[in-house]
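**Q** this is a predicted model, with the sequence first.
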Protein chains: 2
Amino acid sequence: MSKQAYVSTLLKLFRQFGYEGVTLSKISQETGLGKASLYHHFPGGKAEMAEAALTQVNQWLETNILQILADTAALAESCETNPIAKFQSMCEETNRFFNEGKNSCLWAVFVMEQSSDDLMHDRIRWAFSQWIAAIAKVLVAAGLDETLATQRGEDAMIAIQGALVLSHGLKDVAPFQRVIQQLPQQLCQGMGD
Amino acid sequence: MSKQAYVSTLLKLFRQFGYEGVTLSKISQETGLGKASLYHHFPGGKAEMAEAALTQVNQWLETNILQILADTAALAESCETNPIAKFQSMCEETNRFFNEGKNSCLWAVFVMEQSSDDLMHDRIRWAFSQWIAAIAKVLVAAGLDETLATQRGEDAMIAIQGALVLSHGLKDVAPFQRVIQQLPQQLCQGMGD
DNA sequence: GTCTATAAAAAGATAGAC
DNA sequence: GTCTATCTTTTTATAGAC
């Protein structure tokens, strides 16, 4: 089992139970590693394990979301008039990442629990900001006003995070599914359609 | 110090740190009660304390939100054409309850953390459902299609919960403030205006 | 109703053998 | 790189005096 696989297990646990809800015993059980072995891979203990999980999420954001949105190749021309295709790709990735709404968001869990120290919280804030800015940049390139573009980026974040909370609360992924499906249109409303 | 005051302290702690993040030591510190005294008031221990906090939130919902929305007096006539005043009252109450966006939502924290047992989760699901249904009922009374009305109720929940998450993530209450301010209009869009 | 004292269990973390 | 064994601290919870 590779280190990446261990981190994936950590991510699964932390986003499911929160930082305080995860114990080394659970981690040991899920990874199959003894506690002492966990400290070999993560000398900083539980805190370092949570950081590793956060790193994986932020890397997912960079690789699978920010890159798509910032991509100026191929679709560039049509995107300038209507970037809906980019937002559809973004939503597909997001839907997959959150397992159709059944997973929770590590950022939300850590932030709501106030378990993250200043350094972690800064990295979470960075993630939210970057995602919003990347959406806004696409919309500005398509001709939208900058203030409105940023607002729509925020609204997209709000919709995704809120839908995850509601779907978990209702034990029904339908709200999340609806949000994911409507989001591209909403982001592009009033544009070249 | 009355029992209600203790429960308010419990609510403050649980929504700030989550179920697992709160320890009896913290509770003892914040309430000024010794641990043994806490068990006098809440024989069921930490689980019962969390239930009491949830009860207080759900009672707030019934008293300050559901009642306003279901109220058929006074404003009834004008509300039939445009219920925006009711939604403004709802948003004012919500804004106060969440301390302008600086508080988190106990439902969201418990649900995301998966700390709540089936019974608690059912009470949280009830809360979400009732709030959504109450909004939808107002909109239906004002002439909106039932399916669309329910969708708008869900969207309101999504907006509130998502804005809380984002505002905490960004350490900036502006997104929550904007959502609260825009919500009444959004709920009533396309109606008697 | 509150306290001191204490128990019992579980938590995070380390030493040292293999 | 993984393990067993152990340590320390913290946590939940209780007994019993006042």
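**A** Looks like it arrived, so ask away.
**Q** for the rest of this, base every contact and every neighbour count on C-alpha atoms.
**A** Will do.
**Q** would stretch A:148-162 count as contacting chain B?
**A** Yes. Using CA under 8 Å from any CA of the partner chain, stretch A:148-162 reaches chain B at A:154, A:157-162.
**Q** any low-confidence regions in chain A?
**A** A:73-80, A:193 (pLDDT under 70).
**Q** run through the residues of chain A sitting next to chain B.
**A** A:15-18, A:20-21, A:104, A:107-109, A:111-115, A:121, A:124-125, A:128-129, A:154, A:157-163, A:165-166, A:168-171, A:175.
**Q** repeat the analysis, applying 6 Å as the threshold.
**A** A:17-18, A:20-21, A:111, A:113-114, A:125, A:158-159, A:161-163, A:169-170 (CA under 6 Å from any CA of the partner chain).
**Q** among the residues you listed, the buried ones, what's the ChimeraX command?
**A** In ChimeraX, this line selects whichever of the residues of chain A next to chain B come out buried by 16 or more other CA atoms under 10 Å in any protein chain shown:
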select /A:17,18,20,21,111,113,114,125,158,159,161,162,163,169,170
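**Q** element containing the most far-flung residue of chain A relative to its centre?
**A** Residue farthest from the centre of chain A, counting by CA atoms, centre = their mean, is A:Ala36 at 31.0 Å. Under the criterion of DSSP states H and E, A:Ala36 resides in helix A:35-41.
**Q** okay, buried residues for that helix please.
**A** A:Leu38.
**Q** which residues does it contact?
**A** By CA atoms under 6 Å, 6 or more residues apart in numbering or on different chains, the residues outside helix A:35-41 that reach it are A:28, A:45.
**Q** what residues does A:Ile124 make contact with?
**A** Contacts of A:Ile124 by CA under 6 Å, 6+ apart are A:Trp107.
**Q** can you get me a residue count around the residue lying closest to A:Ala70 once chain neighbours are set aside?
**A** Nearest non-adjacent residue to A:Ala70, counting by CA to CA, 6 or more residues apart in numbering or on different chains: A:Ala134, 6.7 Å away. A:Ala134 has 19 neighbours, counted by other CA atoms under 10 Å in any protein chain shown.
**Q** adding distance to A:Gly32, write the residues of stretch A:148-162 next to chain B out as TSV.
**A** Compiled in TSV, the residues of stretch A:148-162 next to chain B are given as follows (distance: CA to CA, whole Å):
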residue	distance to A:Gly32
A:Glu154	40
A:Met157	36
A:Ile158	37
A:Ala159	37
A:Ile160	33
A:Gln161	32
A:Gly162	34
